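[1] Structure for the following, please:
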Amino acid sequence: MKKIKLKFAGFSGFGDGWSEKNNWIWDILTSRYDVEISDDPHWLICSIFDNYEYTQYDCPRIFYTGDSFIPDFNLVDYAISWARIELGDRHFRYPACIRNQRFEYTAKELAQRVITPNDVKTILDSKSIFCNFIQSNPG
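    Below is the predicted model:
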């Protein structure tokens, strides 16, 4: 397998259960590559909890957020988010409705959970209970 050096930045707000080697991104990458955590990375996986410190790294930046935050493609090369953005292979839509807070999905489970807008009705029709959650983001 090809070796890649990786760094995670800005994930401190994800809580105590999150770690660099125990999340769905790590699972996907290690299924295809020999991955090493490094301060001199080939790839940087970044999120919103580091006040843009990720801009200090001179390597491709892959931004991830599950929050209502639009990735700034002037600062990152790629993004994974909830937003409906069409930028070819630079953005992957991964809304919160298909993931859980603990990032426990394997690469195979993730591939099975990716939905299209047409799947929303099917998902809603399969639900037997209702839950409402409202969140605000001052940013």
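
[2] Okay, now the unreliable bits of this structure?
    For the chain, the stretches with pLDDT under 70 are 13, 15-17, 96-118, 137-139.

[3] make it 90
    1, 10-29, 31, 48-55, 65-70, 81-89, 92-139 (pLDDT under 90).

[4] Helices of that one, residue ranges please.
    Counting by DSSP state H, the chain has helices at residues 24-30, 107-113, 119-125.

[5] Burial check on Ser47, number of neighbours?
    22 (other C-beta atoms under 10 Å). C-beta here means a position set from N, CA and C on the backbone, and glycine is covered the same way.

[6] For it, give me its contacts.
    When contacts are counted by C-beta atoms under 8 Å, 6 or more residues apart in numbering, Ser47 touches Ala9, Gly10, Phe11, Gly13, Phe14, Phe63, Tyr64, Thr65.

[7] Now Ala83: closest residue in space that isn't a chain neighbour?
    Spatial nearest neighbour of Ala83, excluding adjacent residues (C-beta to C-beta, 6 or more residues apart in numbering): Ile70 at 5.5 Å.

[8] What does that neighbour show for phi and psi?
    phi -80, psi 130 (degrees, to the nearest 10).

[9] Tell me how far it lies from Ile134.
    19 Å (C-beta to C-beta, to the nearest Å).

[10] Trp18 now?
    24 Å.

[11] who's more crowded, these two?
    Under the criterion of other C-beta under 10 Å, the comparison of Trp18 against Ile134 puts Trp18 first, with 16 against 4.

[12] Is there a neighbour count for the residue lying closest to Tyr54 once chain neighbours are set aside? I'd like the number.
    Leaving out its chain neighbours, the residue that sits closest to Tyr54 by C-beta to C-beta, 6+ apart is Cys46, at 3.7 Å. Per other C-beta under 10 Å, the neighbour tally for Cys46 reads 25.
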